[in-house]
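K.L.:
have a look at this fold, sequence not included:
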Ligand SMILES: Nc1ncnc2c1ncn2[C@@H]1O[C@H](COP(=O)(O)OP(=O)(O)OP(=O)(O)O)[C@@H](O)[C@H]1O
């Protein structure tokens, strides 16, 4: 995964900026800070001059209600059933904002519990594909359709928010993403200013939190949220004993006696990257989204911890798509999407899908 610059500087186009706004990700507190404002001005100025990338933005992302999935293989319409279609990618041609083609004519369907690993050489476009899937990039052509609960409402909200950024309120942004049932975990998890309790509750129950945008280490993070609007209610908010259990579940129980749940620290400095990655999995296990997009999210973990966490999310019924280089990752996935670098002399698609061969002892 390529990570360069600050979070703000990593926004590549007006659509990224709008997507972030649409998700209510940037809080008004940040927009009031002079340095943040000037960074935003810079971004907008640069974005306005990016007529090339904007003119290339032709990838459609749609959210449909899961009951409309044509690929349902049973007559029962209960969500989360195995074989329920969660995602369809149709004839996707993925380009960078500077118009280089990364992936040619990709079509694939992801069904519940059909976990996909994306591999390929460095620079082939794995992270870019996830960027497109979460709406950060739209450069290229084709369609991405998510089948989620309340999909049609989510679709309407997204298109209107993207088209009318002035009208975007944080609440609307949050409710859109809550409906999406999709959660994106980057390699470097997003640490908010606050307590460990608040780290865990972010982003779903973290309405009072301030993202730490001032650190060079915080970037490229788009927390799409989970199950339903109800998730945000105080009633659903996890209680202290549940939070403690989740820390134990991701093998982070040992940090609680050290810090407690309610003291504030600069967590991106205090916790190792592996600990931050486990904390991000704790958020995932609290939210239990339908689909998780994992971009080298276990890269700083040793193999036993990686196996353990994948087993946990599989047991929680979360379907996932991972990007990663480690060969052991194939043990936790059903299929591999292999992307190769594009060759202008070859008209064949630069990708293929193959089943994984798993070591039975490591299967999740
Ligand atoms: N904003 C941008 N404008 C132009 N090109 C870009 C931009 N961002 C990334 N790229 C290029 O797109 C290509 C794919 O990048 P990407 O990060 O998707 O690769 P990757 O397969 O995830 O690589 P790695 O395995 O090293 O993480 C790279 O050549 C990169 O330089």
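P.N.:
Happy to help now that I have it. Predicted, not measured: the structure shown is a model, and the values here were computed from it.
K.L.:
contacts and neighbour counts: CA atoms only from here.
P.N.:
Will do.
K.L.:
in this structure, which spans are strands?
P.N.:
Remark: strands of the chain, listed N- to C-terminal, are 59-65, 85-95, 101-111, 116-119, 140-148, 182-185, 192-195, 210-211, 264-265, 291-295, 319-323, 335-339, 351-355; assignment by DSSP state E.
K.L.:
packing partners of the first one?
P.N.:
This points to strand 59-65. Strand 59-65 makes packing contacts with strand 140-148, helix 151-163 when contacts are defined by 3 or more C-alpha pairs under 8 Å, 6 or more residues apart in numbering; DSSP states H and E.
K.L.:
that strand to strand 85-95, inter-axis angle?
P.N.:
The directions of strand 59-65 and strand 85-95 differ by 170 degrees, with axes from the mean of the first three to the mean of the last three C-alpha atoms, to 10 degrees as the criterion.
K.L.:
for the last one, same thing?
P.N.:
For strand 351-355 against strand 85-95, the angle between stretch directions is 150 degrees (the same axes, to 10 degrees).
K.L.:
where does the stretch 251-364 of the chain dip in pLDDT?
P.N.:
Confidence mapping of the stretch 251-364 of the chain against pLDDT under 70 gives the ranges 359-364.
K.L.:
doesn't residue 195 make contact with residue 263?
P.N.:
Yes: using C-alpha atoms under 8 Å, residue 263 is in contact with residue 195, at 5.1 Å.
K.L.:
more neighbours: the two, which one.
P.N.:
Comparing residue 263 with residue 195 by neighbour count (other C-alpha atoms under 10 Å), the higher total belongs to residue 195, at 19 against 11.
K.L.:
stretch 342-350: end-to-end distance?
P.N.:
Taking C-alpha to C-alpha, to the nearest Å, stretch 342-350 runs 6 Å from one end to the other.
K.L.:
and for stretch 257-273?
P.N.:
End-to-end distance for stretch 257-273, by C-alpha to C-alpha: 19 Å.
K.L.:
one more: stretch 122-137?
P.N.:
End residues of stretch 122-137 are separated by 19 Å (C-alpha to C-alpha).
K.L.:
for the remainder of this discussion, apply numbering that starts at 442.
P.N.:
Happy to do that; since the first residue is 442 now, the last one works out to stretch 563-578.
K.L.:
can you confirm whether that stretch lies near the ligand?
P.N.:
Yes: legend: contact between stretch 563-578 and the ligand by C-alpha under 6 Å from any ligand atom is shown at 563-569.
K.L.:
on that earlier part again, least confident of the helices and strands packed on strand 500-506, on average?
P.N.:
Ranked by mean pLDDT, these end with helix 592-604 at the bottom, a mean of 38.
K.L.:
before we move on, back to that, the ligand is nearest to which of the strands of the chain?
P.N.:
Across these, the ligand has its closest neighbour in strand 542-552 (6.7 Å, C-alpha to the nearest ligand atom).
K.L.:
list the buried residues in the closest one.
P.N.:
Buried positions in strand 542-552, judged by neighbour count with 16 or more other C-alpha atoms under 10 Å: 542-547, 551-552.
K.L.:
show me where this protein has helices.
P.N.:
Secondary structure of the chain by DSSP state H: the helices cover 455-463, 469-473, 475-489, 492-496, 567-574, 592-604, 611-621, 637-642, 681-690, 696-700, 708-711, 714-728, 744-756.
K.L.:
packing partners for the last one?
P.N.:
So that's helix 744-756. Of the remaining helices and strands, those touching helix 744-756 by 3+ C-alpha pairs under 8 Å, 6+ apart are helix 714-728.
K.L.:
other SSEs contacting the helix it packs on?
P.N.:
Contact analysis of helix 714-728 by 3+ C-alpha pairs under 8 Å, 6+ apart lists helix 637-642, helix 681-690, helix 744-756 as its packing neighbours.
K.L.:
now for the shortest one, which elements pack on it?
P.N.:
Applying 3+ C-alpha pairs under 8 Å, 6+ apart, one finds that helix 637-642 contacts helix 714-728.
K.L.:
other residues contacting the helix it packs on?
P.N.:
With C-alpha atoms under 8 Å, 6 or more residues apart in numbering as the contact definition, helix 714-728 has outside contacts at 624, 626, 628-632, 640-643, 645, 666-668, 679, 687-688, 690-693, 709, 733, 738-742, 750, 753-754, 757.
K.L.:
which strand residues bridge the residue nearest to residue 501 when sequence neighbours are not counted?
P.N.:
Distance criterion C-alpha to C-alpha, 6 or more residues apart in numbering; nearest residue to residue 501, sequence neighbours excluded, is residue 584 at 4.7 Å. With beta bridges defined as DSSP bridges, residue 584 has these partners: residue 501, residue 531.
K.L.:
right, I'll leave it there.
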